[in-house]
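Student: Have a look at this prediction, sequence included:
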Amino acid sequence: MTRIAIVDNEKLKEMQLKQYIASICPINRTGKECIKIEPDGKLSIDEHLCTGCGICPKAAPLAIKIINLPEELTTNPVHRYGENKFILYSVPTPSFGKVTGILGVNGIGKSTAIKIIAGVLKPNFGEWGRIETGYEGIIDFFKGTEAQGFFEKISKGEIKVAYKPQQVDLIPKTTKGKVIDLLKKVDEKGEFKKIANELQLDNILNNEISEISGGELQRVAIAATVLKNANLYIFDEPTSYLDIKQRINVSRFIKSMIDENNSVLVVEHDLVILDYICDLVHLIYGKEGAYGIVSGVKPVRNGINVYLSGYIKEENVRFRDSTIKFAEKPPIKKKHSAGIITSWGKIEKKLGNFALTAHKGSIHKNEIIGMLGENGTGKTTFVRILASVLKQDKGEISQKVRVSYKPQYLESSDELVVDVLKDAFHKHENQIIHPLNIVPLSLKKLNELSGGELQRVAIAYCLQQDADLYLLDEPSAYLDSEQRLILSKVIRDFIEHKGASALIVDHDLLFIDYISDKLIVFEGKPAIEGNVTGPFEMEEGMNRFLKELSITLRRDAETNRPRVNKLDSRLDMEQKESGKYYYS
Ligand code: SF4
């Protein structure tokens, strides 16, 4: 097969349109049935007859995709969901004694691959009507590959899997009661106290699951997975909702649980964390919603560099047109000829038991300022004061600025995307709508969108407002690593073109490093006090923030991307001693 056809019949409701599409296909015009309307009314495309002329996707671009497969793809599919549906080629292979990462964009088959590895989904090898057989067929299919040995072990019951799902926010919908009861119930190792302590859950053990925060739910889900007696642990996005300190803690925890008798598989979009947790990595590439190919396993440093380069040499596949590059040095100081857009004296604000103090600072035109700090140290409160949504108790803000604000938690409704983003479609099609890939979502209602889709719409909504200062609270949440890098460019270009400024609160270090000109740092005790300083130049701000976390960063020699040094390694100790936490 050289090409595949993907048809979304949900988006092709009108029979008249289907008949029209069938009538314009040149193959159908010769009397053959390339595009067919099935007895149940669904439209299907015969991939063997289709010549890829491109006429039908033009008639229904949201419903039909015709995709040419790479010539180099000679393997058979591992799984296909149905006729004209998503195909997965190859699977990742966990290695004992190692943490293996999976890196790829959303919709490329990571969840399908994980379900197959976990034994939850039996692969059909592209024959979707096939009656499920035992493991012999699967072992035979993977003969001569590392996956063969893995499935042999699964078939003999030698591998027991524990799986942490991606969407921890769904847990309260199916699980009721206190955290302590849930953890005790799943504790097959008798280690519940130790694990709860390591994941800093002691203070919330008696809380109801329905009342804990996203970051707490994430750590409870990780604890519940680890407490199971398994030898393959799968963590699907273990750091969403966590701040950087918690991300590092969870990474160290996951690394510490590995020994030669078990293996760990991690899906993660935060590249600094993926790099830090994993020994090995598989890339998944292909076309979102159409097909996914799992690359051979690579050492993690090399795998992430290959991902950034967009080209897999061994497999001779280019999966992105451009290479992603990082600057070698911290950004050069910008000249502030464009002037200050707002400044503040010492601001104070008390909210219940929480006290915020922000030391004097200012924001210049054309600046993008990253905001770094633990959860609960007042980032949102500070942003709301600058936006005049909240009034400070003491201190002055010099200038009233027009602020557009994207909150951390996104609200949905039954409005259509195209209606919500009217201005962006009208004025910023090339700057916002196309790069954020919003056209395919345009006729969906907000409450029909996935987390990542809603995030992209909320960012576009924030940017389409006419403002001097754009405040984006956790814009990278739910986005894959590719979308995060695209988003950095969209925000950069937009702010420069508009002559405005932006404040970005985020916990992805690579994203913040890539996008920011300066940094504001939040210190203090979560939920008790927050101390805001800056904006600092990148080097000064990062040094201050990383010192708090006791981690040091180095730049990768090939790509200049930030990497976390191994704790107590020679470089880590040298950088700490010289006070250069942010690159030596
Ligand atoms: Fe027919 Fe294929 Fe052309 Fe579509 S792309 S009109 S199915 S030949």
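Tutor: Perfect, thanks for sending it.
Student: With adjacent residues omitted, what lies nearest to the closest residue to the ligand within the stretch 351-500 of the chain?
Tutor: The ligand sits closest to residue 440 of the stretch 351-500 of the chain, with a gap of 18.4 Å, by C-beta to the nearest ligand atom. The C-beta positions use only the backbone N, C-alpha and C, and glycine is treated the same way. Distance criterion C-beta to C-beta, 6 or more residues apart in numbering; nearest residue to residue 440, sequence neighbours excluded, is residue 62 at 5.7 Å.
Student: quick check, the residue of the stretch 351-500 of the chain closest to the ligand in a strand?
Tutor: No - with DSSP: H, G, I helix; E, B strand; the rest coil as the criterion, residue 440 is assigned helix and is not in a strand.
Student: residue closest to the middle of the chain?
Tutor: Centroid check for the chain by C-alpha atoms, centre = their mean gives residue 480 as the closest residue, at 3.1 Å.
Student: Next, residue 561: phi, psi?
Tutor: Main-chain torsions, residue 561, degrees, to the nearest 10: phi -70, psi 150.
Student: what sits against it?
Tutor: Residues near residue 561 by C-beta atoms under 8 Å, 6 or more residues apart in numbering: 271, 304-305, 308, 326, 510, 555.
Student: circling back to that earlier point, the residue nearest to the centre of the chain reaches residue 105, doesn't it?
Tutor: Yes - at 4.7 Å, residue 480 counts as touching residue 105 under the criterion of C-beta atoms under 8 Å.
Student: Do a quick rundown of the helices in the stretch 301-450 of the chain.
Tutor: Applying DSSP state H, counting those that start in this stretch to the stretch 301-450 of the chain gives helices spanning 379-386, 417-420, 422-427.
Student: Surely residue 494 forms part of a helix?
Tutor: Yes - counting by three-state DSSP, residue 494 is located in a helix.
Student: Count the residues that sit near residue 515.
Tutor: Close neighbours of residue 515, defined as other C-beta atoms under 10 Å, add up to 25.
Student: pretty sure it contacts residue 492?
Tutor: Yes - between residue 515 and residue 492 there is a contact under C-beta under 8 Å: 6.5 Å.
Student: residues shared between the contacts of those two?
Tutor: Residues touching both residue 515 and residue 492 by C-beta under 8 Å, 6+ apart: residue 368.
Student: now the stretch 101-250 of the chain, which segments are flagged as low pLDDT?
Tutor: Low-confidence segments of the stretch 101-250 of the chain (pLDDT under 70): 132-133.
Student: What strand or helix carries the residue nearest to residue 440?
Tutor: Residue 62 is part of no helix or strand, with elements assigned from DSSP states H and E.
Student: got a pLDDT number for it?
Tutor: Looking at residue 62, its pLDDT stands at 86.
Student: May I have the phi/psi pair for the nearest residue to residue 262 once chain neighbours are set aside?
Tutor: Residue nearest to residue 262 in three dimensions, not counting chain neighbours: residue 231, with 4.4 Å by C-beta to C-beta, 6+ apart. The phi/psi pair for residue 231 (degrees, to the nearest 10) reads phi -130, psi 0.
Student: isn't residue 231 right up against residue 154?
Tutor: No - taking contacts as C-beta under 8 Å, residue 231 lies outside contact range of residue 154: 11.0 Å.
Student: So which residues on the stretch 51-200 of the chain come close to the ligand?
Tutor: 51-56, 66 (C-beta under 6 Å from any ligand atom).
Student: Over to the chain?
Tutor: Proximity of the chain to the ligand is confined to 25-27, 34-35, 45, 50-56, 66 under the rule C-beta under 6 Å from any ligand atom.
Student: Now go through the residues you listed and say which are in helices.
Tutor: 26-27, 55-56 (DSSP state H).
Student: which among the residues you listed end up buried?
Tutor: Burial by neighbour count, judged by 16 or more other C-beta atoms under 10 Å, picks out 27, 55-56 from those.
Student: on that earlier part again, name all residues that make contact with the residue nearest to the centre of the chain.
Tutor: Counted by C-beta under 8 Å, 6+ apart, residue 480 has contacts 104-106, 269, 452.
Student: Nearest to residue 96 among the helices of the stretch 301-450 of the chain would be which one?
Tutor: Nearest to residue 96 among these is helix 379-386 (41.0 Å), distances taken as C-beta to C-beta.
Student: if you average pLDDT over that closest one, what comes out?
Tutor: Averaging pLDDT along helix 379-386 gives 86.
Student: Tell me how far that helix lies from the chain's centre.
Tutor: Helix 379-386 has its C-alpha centroid displaced from the chain centroid by 25 Å (C-alpha atoms, centre = their mean, to the nearest Å).
Student: Now do it: everything it contacts.
Tutor: By C-beta under 8 Å, 6+ apart, the surrounding residues in contact with helix 379-386 are 342, 344, 347, 349, 351, 354, 356, 358, 371, 373, 390-392, 397, 401, 403, 405, 407-408, 469, 471, 473, 503, 505, 520, 522, 530, 532.
Student: one more time with 7 Å
Tutor: Helix 379-386 has contacts (C-beta atoms under 7 Å, 6 or more residues apart in numbering) with 347, 349, 351, 356, 358, 371, 373, 390, 392, 397, 403, 405, 408, 471, 473, 503, 505, 522, 532.
Student: same deal with stretch 528-546?
Tutor: Identification of contacts with stretch 528-546 by C-beta under 7 Å, 6+ apart yields 330-331, 333, 353-359, 361, 363, 369, 372, 377-378, 382, 516, 518-524, 552-553, 579-582.
Student: Any of these buried? List them.
Tutor: 330, 354-358, 361, 363, 369, 372, 377-378, 382, 516, 518-524, 552-553, 580-582.
Student: Give me the subset of the residues you listed lying in strands.
Tutor: If you go by DSSP state E, the buried ones among the contacts of stretch 528-546 have 354-358, 361, 363, 369, 372, 518-524, 553 in strands.
Student: how about residue 232, what does it touch?
Tutor: 94, 159, 161, 262-263, 265.
Student: is it in a bridge, and if so with what?
Tutor: Beta-bridge pairing of residue 232, defined through DSSP bridges, involves residue 161, residue 263.
Student: if we can go back for a sec, give me the buried subset of the residues of the chain next to the ligand.
Tutor: Buried members of these, counted by 16+ other C-beta under 10 Å: 25, 27, 34-35, 45, 50, 55-56, 66.
Student: Serialize those residues to CSV and add fields for distance to residue 241 and pLDDT.
Tutor: CSV is the format used below for these (distance: C-beta to C-beta, whole Å; pLDDT from 0 to 100):
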residue, distance to residue 241, pLDDT
25, 47, 97
27, 50, 97
34, 47, 96
35, 45, 96
45, 41, 96
50, 43, 95
55, 45, 96
56, 42, 96
66, 38, 94
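Student: Any chance of those in CSV with distance to residue 288 as columns?
Tutor: Converted to CSV, these look like this (distance: C-beta to C-beta, whole Å):
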residue, distance to residue 288
25, 25
27, 27
34, 24
35, 23
45, 19
50, 20
55, 22
56, 19
66, 15
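Student: Lovely, talk soon.
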